[in-house]
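[1] need a structure here:
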Amino acid sequence: MDREEQISNRSLSYLKCVLISQLLLDANEDLKGSVAYRQNIKYQVEKANKLLKEVYQEGYNIVYHNNPEMCTTVLNKIDSLMHKIKVATIDDLVMIDALVEKYYENQKQEK
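    Here you go, the predicted model:
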């Protein structure tokens, strides 16, 4: 069996959650020092960040253990995409969404 086939859909879902959670973690970091980031919000954000890191680490470890090269490549590509999303303007996000929609449309037509 191919190494990539050994990685379950659940493990890949964990990896996806890790990546999406990283966007949330980064966004939460950007709130530090703002008026909105006070007392209870600060506590809840830090608590959620810690929990997310702990929960998704297991799924990441499974994927990484099964195929470190694939995992590293995917993480680097997703990290690059997340950075682009993080620094994008609203107009950029609208354009990115339109490009992704076009990609999905093309994918459906090829099937």
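[2] residue ranges in this protein under the pLDDT threshold?
    1-8, 11-12, 14-15, 18, 37, 59 (pLDDT under 70).
[3] longest single helix anywhere in it?
    helix 39-66 (DSSP state H).
[4] for that one, packing partners?
    Secondary structure elements in contact with helix 39-66, counted by 3 or more Cβ pairs under 8 Å, 6 or more residues apart in numbering; DSSP states H and E, are helix 3-6, helix 9-31, helix 68-87. Using the backbone N, CA and C atoms, a C-beta is placed for each residue, glycine as well.
[5] what angle do the last one and helix 39-66 make?
    Between helix 68-87 and helix 39-66, the angle comes out at 150 degrees (axes from the mean of the first three to the mean of the last three Cα atoms, to 10 degrees).
[6] what helix or strand does residue 107 sit in?
    helix 90-110 (DSSP states H and E).
[7] contacts for that helix next, please.
    84, 85, 88 (Cβ atoms under 8 Å, 6 or more residues apart in numbering).
[8] then stretch 77-84?
    19, 22, 23, 26, 96.
[9] around the second one, count how many other residues there are.
    It stands for residue 22. 18 (other Cβ atoms under 10 Å).
[10] what's the answer for the first one, then?
    For residue 19, the number of neighbouring residues by other Cβ under 10 Å comes to 18.
[11] can you redo the contacts of helix 90-110 as CSV with distance to residue 61 and neighbour count?
    Below are the contacts of helix 90-110 laid out as CSV (distance: Cβ to Cβ, whole Å; neighbours: other Cβ atoms under 10 Å):
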residue, distance to residue 61, neighbour count
84, 27, 12
85, 25, 13
88, 30, 13
